[in-house]
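Student: below is the sequence, then the predicted model.
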Amino acid sequence: MNKRTVIEPGGKSKNYWKDLWDYRSLFYFLAWRDVLVRYKQTAIGIAWSVIRPLLTILIMTGIGWLLKAPIPNGIPRFLYVCAATLPWQFFANIFGEASNSLVTNSNLLTKVYFPRLIIPLSTVIVCLIDFFISCGILIVAMVVFRYTPDWKIILLPLFMILTLLTAGGVGLLIASLNVKYRDFKYVIPFILQFGVYVSPIAYSSDSIYNSTSIPQIGKLLYSANPMVGVIDGFRWAILGGNINIYMPGFLVSIGISVFFLILGIWNFRKTEHLFADII
Amino acid sequence: MEPVIKIENLGKKYILNHRVQEKYVALRDVLTEKAKSIVRPRKAHFHSEREEFWALKDISFEVNRGDRVGIIGRNGAGKSTLLKILSQITEPTTGRAVINGNVVSLLEVGTGFHPELTGRENIFLNGAILGMNKKEIEKKFDEIVAFSEVEKFLDTPVKRYSSGMYVKLAFAVAAHLEPDVLIVDEVLAVGDMAFQKKCLGKMEEVSGQGRTVLFVSHNMQAVQKLCKTGILLKQGSIIANGGIDSVVNKYLETNDVSQAVYDLPVQENSKEIQGYATRIQIEDVNGNLLSEVPIGKRWQVRVFFTLNKNVEHFIVAMGLCNSLDAPVRTIYSTPGLRPAGNYEAVFTSDNILMAADIYSIVIGLSSYENSFYYKEHAAALHISELSELSGDERIVRVSSVGLILNPIDVVINKLG
């Protein structure tokens, strides 16, 4: 009998981060559940984690080839698109899963107490596993094209964390808004559809930044998409060689990521105590 | 000794707003399908005002270690809100509660059970959701499985379980938690009798070990059997607190004097419109007032109304909606010419047995295509789980079996 719980209006915030740690086994089990459920009742199971990104890469490579989108010399187009599609899908999965997580787990929210952050956080694990599996495509492609990455590849985890934080921030924001306004359910697929085109997947960031026909404001807007920074970073780390990061754009992207992360957590924490009442 | 639970002036306020109106619209749409004439939107009624509603108000009580407390009251008395606050699912608006020790709440059987996962997997998942860690679950695993009586199906996805097996497995997990305080909502309403007894026994055992149990139920026998003390809630306030027998008696008494007569508020425009309803009474078929109708007892609803002038093609209609706000039935009078005056209309029940619930009564008065009076939530028809038909074993009385309880003939032929 060592635990003492005080329940009062607005009183839940004091031990929040400690509670979050105490409930880590729930985090683990929810993630485990998502992983188990993901592959039950699917005939080819884990292959989906390869097929989906592979098809996207093929289509995007095809589009880029048709439009003759310029890419740096000496890099196979497939590999170039692959290095962008993987982080994009990683982002899209986390964002989609996290945004809907509260609503799909509403039965838990209304019946049990735990720090609500656990729900969107636990969705990350499945996406992470998916990401690692899909990285197999990249490895195979590198072998096939006999492409050797240079030392920069060891920085890849940093960019993975950047993707995670970016998707997490936006996901948390939409997740908490989605509880009250289900309109956001329709915003999610829209953002994801739209994002494929405004992010440098089929084309290169350089072709935007070096373009003479795009005004400065357009370039700034382009770099405000946090995934631009993430994808440029991935390409830089994976493909190495003669790829450079356009620093001002990269910093803007990171700034926007951080902004969304702070906004997401802040809004989540602010509205969290109402979830059970309004979901 | 310090009490395990100490509650001071606890209150919970909800703001009701636009949503009420939306529900109203949807409901109206359903009702109109049948008869456009009865139902006419009267927008002036449903402006988007924000209304405060206190689900709980100034609740104070203490619970000592090892106490078993039954919390009783009608639907909407605030029992669930109280449990939700004590379970930290929702925050109170006022007051404070202090709980010493671990709390586990069972507001539902099998919270978080995933249909695709096997029984074994769900034991771990549910255990974690209820606050156990992996080691604790592993330690208790065999005991849980034995208690659940579903060993054979442990590796079958629970979506293939019967509802009985599902409940057993879920309760088995819950029964093996070791909280200092156990909060249980009406979770025993499901499952067969033998298993219910086993659960009650397990709960008694739990509190015998110095644990504290808060138990909400409509099943007075279960409450009396399990609890030593009771708390009776009505409209968000405690109206009785003490020995379980006296509190249960008080509950049964207050039920009798509760509403069988509903005087309808007079509307400002009541002199201008063609007519309006004034009062609704719930009665048995002999005309005795009745606040609660046991399943199977014939009831009638008497509606008093006034017509200000002669009304051609007049219809009085009554709609019943269940507690989920789903329309269940709509009953109309035969259209006809009615001269001005005061009237009563009696709607007498037929042989359809409606499930236990509190049905909201909608009253409408109309002439041709024109509904001049429409009142939602005009009164409540409470069909209670008590039954006059206990002899008929074909009638299942627990909630959740459906809206209509009438048995139909089932013939079983032995083959071969």
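Tutor: Perfect, I can see it now.

Student: and the closest residue to B:Thr118 other than its chain neighbours, what is it in contact with?
Tutor: What sits nearest to B:Thr118 in space, not counting adjacent residues and going by CB to CB, 6 or more residues apart in numbering or on different chains, is B:Asp155, at 5.0 Å. Placement of C-beta: from N, CA and C, glycine included. For B:Asp155, the contact set (CB atoms under 8 Å, 6 or more residues apart in numbering or on different chains) comprises B:118-120.

Student: phi and psi next, for B:Asp155.
Tutor: Backbone torsions of B:Asp155, given as degrees, to the nearest 10, read phi -110, psi 20.

Student: ok, stretch B:317-329 near chain A or not?
Tutor: No - using CB under 8 Å from any CB of the partner chain, stretch B:317-329 stays clear of chain A, with a minimum separation of 15.5 Å.

Student: cool, and stretch B:215-226?
Tutor: No - Stretch B:215-226 stays clear of chain A (CB under 8 Å from any CB), getting no nearer than 13.7 Å.

Student: what's the spacing between that stretch and its chain's center?
Tutor: 15 Å (CA atoms, centre = their mean, to the nearest Å).

Student: what sits up against that stretch?
Tutor: With CB under 8 Å, 6+ apart as the criterion, stretch B:215-226 contacts B:68-72, B:79-80, B:83, B:184-186, B:188-189, B:196, B:200, B:203-204, B:213, B:227, B:230, B:244-245, B:248, B:251-252, B:385.

Student: weed out the non-buried ones from the contacts of B:Asp155.
Tutor: Buried residues within the contacts of B:Asp155, counting neighbours by 16 or more other CB atoms under 10 Å in any protein chain shown: B:118-120.

Student: just the ones in helices from the residues you listed, please.
Tutor: Per DSSP state H, helices hold the following members of those: B:119-120.

Student: out of the contacts of stretch B:215-226, which are buried?
Tutor: Among the contacts of stretch B:215-226, the ones that count as buried (16+ other CB under 10 Å) are B:68-72, B:79-80, B:83, B:184-186, B:188-189, B:196, B:200, B:203, B:213, B:227, B:230, B:244, B:248, B:251, B:385.

Student: spell out which parts of the stretch 1-150 of chain A neighbour chain B.
Tutor: Counting by CB under 8 Å from any CB, the stretch 1-150 of chain A sits next to chain B at A:1, A:3-12, A:25-26, A:28-30, A:32-33, A:36-37, A:40-41, A:107-114.

Student: each with direction, which strands does the strand or helix carrying B:Lys6 pair with?
Tutor: Using DSSP states H and E, B:Lys6 falls within strand B:5-16. Strand B:5-16 sits in its sheet next to strand B:51-63 (antiparallel), strand B:94-100 (antiparallel), going by DSSP bridges.

Student: what residues sit buried inside the first one?
Tutor: The one in question is strand B:51-63. Buried-residue list, strand B:51-63, by 16+ other CB under 10 Å: B:54-57, B:59, B:61, B:63.

Student: quick one on the thing from earlier: which of the contacts of B:Asp155 lies closest to B:Thr278?
Tutor: B:Gly119 (57.8 Å; CB to CB).

Student: nearest residue to that closest one other than its sequence neighbours?
Tutor: Nearest to B:Gly119 is B:Leu154, by CB to CB, 6+ apart, at 4.6 Å.

Student: wait, the one you found touches B:Val145, no?
Tutor: Yes - using CB atoms under 8 Å, B:Leu154 is in contact with B:Val145, at 6.4 Å.

Student: returning to what we had before: of the buried residues of strand B:51-63, closest to A:Pro215?
Tutor: B:Ala55 (57.0 Å).

Student: any idea how far chain A is from that closest one?
Tutor: Look at B:Ala55 and chain A: by CB to the nearest CB, to the nearest Å, they are 10 Å apart.

Student: of the residues of the stretch 1-150 of chain A next to chain B, buried ones?
Tutor: With burial judged by 16+ other CB under 10 Å, the buried subset of the residues of the stretch 1-150 of chain A next to chain B is A:5, A:7, A:11-12, A:25-26, A:28-30, A:32-33, A:36-37, A:108-114.

Student: from those residues, which land in strands?
Tutor: Assigned to strands by DSSP state E, the following of these qualify: A:5, A:7.

Student: so A:Leu79 makes contact with A:Ala141?
Tutor: Yes - judged on CB under 8 Å, A:Leu79 makes contact with A:Ala141 at a distance of 5.3 Å.

Student: joint contacts of these two?
Tutor: Joint contacts of A:Leu79 and A:Ala141 (CB under 8 Å, 6+ apart) are A:Tyr147.

Student: which single one of the buried ones among the contacts of B:Asp155 is nearest to chain A?
Tutor: Proximity of these to chain A (CB to the nearest CB) peaks at B:Thr118, which lies at 9.1 Å.

Student: quick one, helices of chain A?
Tutor: A:16-22, A:24-39, A:48-66, A:77-104, A:106-109, A:118-144, A:156-180, A:184-198, A:205-209, A:216-223, A:226-239, A:247-271, A:275-278.

Student: residues in contact with the third one: which ones?
Tutor: It refers to helix A:48-66. Contacts for helix A:48-66 (CB under 8 Å, 6+ apart): A:42, A:44, A:69, A:71, A:77-78, A:81-82, A:84-86, A:89, A:129-130, A:133-134, A:136-137, A:196, A:201-203.

Student: how distant is that helix from the center of its chain?
Tutor: What separates the centre of helix A:48-66 from the centre of its chain is 18 Å, taken as CA atoms, centre = their mean.

Student: equivalent analysis for the fourth one, please.
Tutor: Between the mean C-alpha point of helix A:77-104 and the mean C-alpha point of its chain there is a distance of 5 Å (CA atoms, centre = their mean).

Student: which parts of it are buried?
Tutor: Residues A:77-103 are the ones in helix A:77-104 that count as buried (16+ other CB under 10 Å).

Student: ok, B:Ile315 to B:Ala378 distance?
Tutor: Distance of B:Ile315 to B:Ala378, computed by CB to CB, to the nearest Å: 16 Å.
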